[in-house]
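Asks: let's see this in three dimensions:
(2 chains)
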Amino acid sequence: MYSDIVLNIFNNPKNAGRISKPDGIADFYSEDETEHVEFSLRVEDGVITNCKFRAQANPYIIAICEKITELVVDKNIKDVFLDPYTVKKALGDESPINIQFCINCLKFAIDNYIDKQE
Amino acid sequence: MERIYFDNASTTSLGGEVLSAMMPVLTDTYGNSASVHSFGRDAAQLVDNSRDYIASSINAKSNEIYFTSGGSEANSLAIIGIATANRGRGNHIITSKIEHPSVLNACKYLEKSGYEVTYLDVDKNGFIRFAELLGAIKTNTILVSIMAANNELGTIQNLKAIANTVHEKGVIFHTDAVQLYGNMSIDVEDIGIDAMSVSAHKLYGPKGVGCLYISNKIKFDPIIFGGNQERNKRGGTLNTAGIVGFAKACEIANRDLRTNNHKLRELSSYFVNKLKESVDNVIFNADTKQKLPHIISATFVGVDGESLLTKLDLNGIAASLGSACTSGSLQISHVIQAIGINNNDAKSTIRFSLGKNNSFEEIDSAINIIKRSVEELRAFSSTYGAKTRKRKGDK
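Replies: Numbering: from 1, shown residues only, chains lettered A, B, ... in the order given. Next up, the predicted model:
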């Protein structure tokens, strides 16, 4: 059911976990409340230097979360722009599974960092 | 990698004795059982013998057995066939919320044709409530269909009590016994079953064959049209080899009933105890003695069931999310929802269904893999032991 790429990432996620005392953090449920994800960020001078995720979700969403953490590292928070197509393309697997809630979760983690600065 | 099969409620392996019974039919007795020549008569004789055996195993008459392509067709034939033939008596059907999709979808199909269907709730163990059943029966009720043993929980309904209740109101009683037959002796006369579905591949028989028992007293229409096979009630050339294998599987299941039940009880009890010892925060659903012991429904708190199944599969263990039909469609099990489990926990629930060919050594290996997989997933679970905010949405 899942591609080899998804299964490999799912089975060996490198950025799974939570950053201690994160600069930004958020968690989010999917619309039907069956998947739950969390992103935590380390931000230095406006640049995301580390990003980790935790999830209770299916293998595809876990692989998507891992890919999001890779895509945002070294990006200035002002330059982070993710859409489902970009993330799925980076994963090399364009499953029709809805991943917008994962992207929303990352945005909320960034908003959480910005809120703390203000 | 050692592979371990804990998905026997989805399907079982083909028994060696069953295959031996089928092989000469596949190679030599290839005549059409409806043909009048000797090739056909040879095949018809095998079909008749098989029908006689299956009928006698449930205390039915031979002409009350109709061969089908399996359990789903038998359920569809029972629901739609009885409903249409008895339309003059009423248009109301009662079933439960935890039936197999072949029953639920047949009912939905009838709803589009003007039939009214009541879907009974069940309690936390999957039992229907008699007061609710009694209250649902109306003057226009023609059929009650309640499954004998649930495919996801193993819960065995009180069939005799249901039959009595239903018959007191003059209503027909059908039961989907696909999971029960072969695991418990069933006497349709004694229990009071008017129609019953059975499938061969759940009892170490071949896939693609099953039957509907339907009492001679009950009127029903065909849903597959063809020649005059099965006394004009089910068109299509009969699957002679499959039917012979089906009968052989029934014979073996009945012969070994006591031994197999004893082994399955021992294996299942060992599995549950080992899992309880090894993994924290596991909830066992349908915690009742009135169930098939080999069907084990377990909720692993804080773990996504699909991710756990995938990890197990990568390590050679086969289990399932719910029924095979539900797993394929990636939906939350309607059965698990019906027993009152919320969406999040429902997604943490998987089914292990043991079989007579499993061993204690396999269970030992599997429990180690389950323990490791659960620990790996809980290590980065966003819900396990955490307070989460109900912020959600895709927009």
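Asks: surely B:Thr237 and B:Gly31 touch.
Replies: No. B:Thr237 lies out of contact with B:Gly31 (C-beta atoms under 8 Å); the separation is 10.3 Å. Quick note: C-beta positions are derived from backbone N, CA and C, even for glycine.
Asks: so for the two, which residue has more residues nearby?
Replies: B:Gly31 (17 against 13; other C-beta atoms under 10 Å in any protein chain shown).
Asks: with adjacent residues omitted, what lies nearest to that one?
Replies: Sequence neighbours aside, B:Phe39 is the residue nearest to B:Gly31 in space, at 2.9 Å (criterion: C-beta to C-beta, 6 or more residues apart in numbering or on different chains).
Asks: would you confirm that the one you found belongs to a strand?
Replies: No. Read with DSSP: H, G, I helix; E, B strand; the rest coil, B:Phe39 is helix and lies in no strand.
Asks: residues in contact with it?
Replies: B:29-32 (C-beta atoms under 8 Å, 6 or more residues apart in numbering or on different chains).
Asks: quick one: which of these is nearest chain A?
Replies: Taking C-beta to the nearest C-beta as the measure, chain A lies nearest B:Tyr30 of those, at 37.7 Å.
Asks: for the stretch 101-250 of chain B, just list every one of the helices.
Replies: Under the criterion DSSP state H, counting those that start in this stretch, helices of the stretch 101-250 of chain B are mapped to B:101-111, B:130-136, B:159-168, B:188-191, B:229-232, B:240-255.
Asks: dump those to a markdown table, plus mean neighbour count and mean pLDDT.
Replies: Output for the helices of the stretch 101-250 of chain B, formatted as a markdown table (neighbours: other C-beta atoms under 10 Å in any protein chain shown; pLDDT from 0 to 100):
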| stretch | mean neighbour count | mean pLDDT |
| --- | --- | --- |
| helix B:101-111 | 19 | 98 |
| helix B:130-136 | 14 | 96 |
| helix B:159-168 | 17 | 97 |
| helix B:188-191 | 17 | 98 |
| helix B:229-232 | 16 | 92 |
| helix B:240-255 | 24 | 98 |
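Asks: so which of those comes closest to chain A?
Replies: Taking these one by one with C-beta to the nearest C-beta, helix B:101-111 is closest: 19.0 Å.
Asks: need the residues that contact that closest one.
Replies: Residues contacting helix B:101-111 (C-beta under 8 Å, 6+ apart): B:71-73, B:75-76, B:79-80, B:83, B:93, B:95, B:115, B:117, B:119, B:145, B:147, B:176, B:323, B:325-326, B:334.
Asks: same thing but at 7 Å, please
Replies: B:71-72, B:75-76, B:79-80, B:83, B:93, B:95, B:117, B:145, B:176, B:325 (C-beta atoms under 7 Å, 6 or more residues apart in numbering or on different chains).
Asks: circling back to that earlier point, buried ones among the contacts of B:Phe39?
Replies: Buried members of those, counted by 16 or more other C-beta atoms under 10 Å in any protein chain shown: B:29, B:31-32.
Asks: neighbours around residue 89, how many?
Replies: Answering for chain A, as no chain was given. With other C-beta under 10 Å as criterion, A:Lys89 counts 12.
Asks: not quite, I wanted chain B
Replies: With other C-beta under 10 Å as criterion, B:Arg89 counts 16.
Asks: can you say which of the contacts of helix B:101-111 are buried?
Replies: By 16+ other C-beta under 10 Å, these give B:71-72, B:75-76, B:79-80, B:83, B:93, B:95, B:117, B:145, B:176 as buried.
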